[in-house]
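# generate coordinates for the sequence data below:
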Amino acid sequence: MQTWAILGTNGSGKSALSCLFDGDLVLSHGSSKGLPSNVMYVSLEAQAKQIEQERREDESDLLDRIDLGTPVRAFLEPISEVRHWISLLRMEHLLDQGFRSLSTGETRKVMLIRALQAKPDLLILDEPLEGLDQVSRRVVSEGLAQLKHNGQAIIWVANRLDEIPDWITHIAFMHDAKLLVQGTKEDVIASPEVIGLLHFDQALPDFPPPPKGRKVLPNHQALVEMTDVSIVYGERVLFEGLNWCIKPGEHWAIEGPNGSGKTSLLQLITGDNPQCYRNQLMVFGMRRGSGETIWDIKQYIGLVSASLQWDYRASTNVLSTVISGLYDSIGLYRATGDVDKQLALQWLDVIGLRHLANQSLQHLSYGEQRLVLIARALIKQPALLILDEPCQGLDDPSRHLVLAFLQRLAVQRMITLLYVTHQPKEIPEAFVRRLEFDGNKTLRIRGDI
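Sure, this is the predicted structure:
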């Protein structure tokens, strides 16, 4: 029996092609037939839509309380039908947690389990391993292989060639909204067209100069100092007892399983987690809770993360999105001059998306949006660049380009980088320091020299 994967470059149309199977798109011409009636779709976009729905329900709630969203248990009722998957993915302790309190990887697992619970005629998995830690990747891969063996029809949609399972027999390769090559996996992977598109051999372009008025800290000034820091949600302790100092030019890779507290830690620094005020925390020489504003903090920070991408709901074009990084805003709410526009266009040249400058950000693919947000974070060349899984949703060439950026930035030492990843092999060699979460309330620092 044939099992297909849809592979392609960012913005190629592979997700749109997969949406035809569940009737999400209306054909402008041509026809389709034999489509299954019960289709479940797991994707980064579907995950974002669910989080957006949770937020809308919270905003409509007039109660004076913090709503962490629908309990996971309510998403997965009846629990007995998916108890096996809940156990495999180590989700038992999260059943009474609100959906919005979960990490990116944890919400990903919930979406996958709910799709499996529906026992679909066809299961469409668009980048199903993105955001998952190494153990969860292995568990999901093995579980899906068993489902396939038991007769479950699956279509795998991917940017990354190295994540296509062994049990995929055929590939449809998309590029520039066209079905470029199709056939057996071996033949497609070996085709010159595919090899050419997935091979990264371009010279790394020069970075544009920093903007005038770039905020610079004294060389001796520690960027972040944490003393006995902890993150606690109710009875759930993510970690405790963290003592950590980030000095200028010291780049850190941050690793750990889903839900261990990596994103919450970063949000302490950016000011997006209110627990920054109950901890002993110095950021850019300012004690949190001493009268500083969020803008005093954000002026020194560039950020790329899944939550930022989900939060970026402003109706804006690509050029304005990049410019907004100069002003730390979501959307652009001020008149900008030619200098800002030219700088933003230079960064769009660097990431290869200048031709999309006037396109709506929301009309881009997930991977293209991620590249735009990387340019947005880099445009002001901040003192501290925080990258929470920056390669999520990127095709092979774009991923190699971003990793080359990180290596160059790290070597230049003008910007200090924090890099969260579930892919140890993708940590650039200049990142000699590690902050490791073990998922059991403790952290380990390595390479602090």
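
# wait, what's in contact with residue 255?
Remark: with contacts taken as Cβ atoms under 8 Å, 6 or more residues apart in numbering, residue 255 is in contact with 262, 420-422, 424, 434-437. For the C-beta atoms, the positions are set from N, CA and C on the backbone; glycine is no exception.

# the residues you listed, buried ones only, as a ChimeraX selection?
Restricted to buried positions by 16 or more other Cβ atoms under 10 Å, the ChimeraX selection for these reads:
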select :262,420,421,422,434,435,437
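
# quick one: which of the contacts of residue 255 is nearest residue 39?
Minimum distance to residue 39 across the contacts of residue 255 is 28.1 Å, recorded for residue 422 (Cβ to Cβ).

# what secondary structure does residue 254 sit in?
Here residue 254 is recorded as strand under DSSP: H, G, I helix; E, B strand; the rest coil.

# count of neighbours near it?
25 (other Cβ atoms under 10 Å).

# with residue 182 instead?
Residue 182: 15 neighbours (other Cβ under 10 Å).

# cool, and residue 41?
Here the number of neighbours of residue 41 (other Cβ under 10 Å) works out to 22.

# in contact with it: list those residues for me.
Residues in contact with residue 41 (Cβ under 8 Å, 6+ apart) are 18-19, 22, 24, 115, 124, 126.

# likewise residue 85?
91, 112-113, 116, 143.

# tell me the domain boundaries of this structure?
Split into domains by automatic domain parsing, the chain comes to 4-198, 224-446.

# what is the end-to-end distance of the longest one?
Spelled out, that is domain 224-446. Length of domain 224-446, first residue to last, Cα to Cα, to the nearest Å: 17 Å.

# same check on the first one?
For domain 4-198, the first-to-last residue distance is 19 Å (Cα to Cα).

# what mean pLDDT does it get?
Mean pLDDT, domain 4-198: 88.

# what's the answer for the longest one, then?
Regarding domain 224-446, the rounded mean pLDDT is 91.

# as a markdown table, the contacts of residue 41 with secondary structure, distance to residue 77 and neighbour count would be great.
As requested, the contacts of residue 41 are exported to a markdown table (DSSP: H, G, I helix; E, B strand; the rest coil; distance: Cβ to Cβ, whole Å; neighbours: other Cβ atoms under 10 Å):
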| residue | secondary structure | distance to residue 77 | neighbour count |
| --- | --- | --- | --- |
| 18 | helix | 28 | 25 |
| 19 | helix | 27 | 19 |
| 22 | helix | 23 | 17 |
| 24 | coil | 25 | 12 |
| 115 | helix | 15 | 19 |
| 124 | strand | 23 | 24 |
| 126 | strand | 25 | 24 |
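
# which of the residues you listed sits closest to residue 207?
Among the contacts of residue 41, residue 126 lies closest to residue 207 (Cβ to Cβ), at 32.1 Å.

# identify the bridge partners of that closest one.
In this entry, residue 126 is beta-bridged to residue 157, by DSSP bridges.

# could you do residue 287 as well?
Bridge pairing for residue 287 (DSSP bridges) gives the partners residue 282.

# against residue 81, how distant is it?
Distance of residue 287 to residue 81, computed by Cβ to Cβ, to the nearest Å: 50 Å.

# restricted to helices, list the contacts of residue 255.
Among these, DSSP state H puts residue 262 in helices.

# from the contacts of residue 255, which ones fall inside strands?
Counting by DSSP state E, the contacts of residue 255 place 420, 434-437 in strands.

# related to what we said a few turns ago, by neighbour count, which of the contacts of residue 85 wins?
residue 112 (24 neighbours).

# in a markdown table, list the contacts of residue 41 along with distance to residue 192.
Listed next are the contacts of residue 41 as a markdown table, based on distance: Cβ to Cβ, whole Å:
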| residue | distance to residue 192 |
| --- | --- |
| 18 | 25 |
| 19 | 29 |
| 22 | 33 |
| 24 | 33 |
| 115 | 36 |
| 124 | 29 |
| 126 | 27 |
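
# and which of those is nearest residue 86?
Of all these, residue 115 has the smallest distance to residue 86: 13.8 Å, by Cβ to Cβ.

# check whether that closest one really touches residue 43, as I assumed.
No. Residue 115 lies out of contact with residue 43 (Cβ atoms under 8 Å); the separation is 10.0 Å.

# residues of the strand or helix carrying residue 49 that come out buried?
Per DSSP states H and E, residue 49 falls inside helix 44-59. Using 16+ other Cβ under 10 Å as the test for burial, helix 44-59 gives 44, 47-48, 50-51, 54-55, 58.
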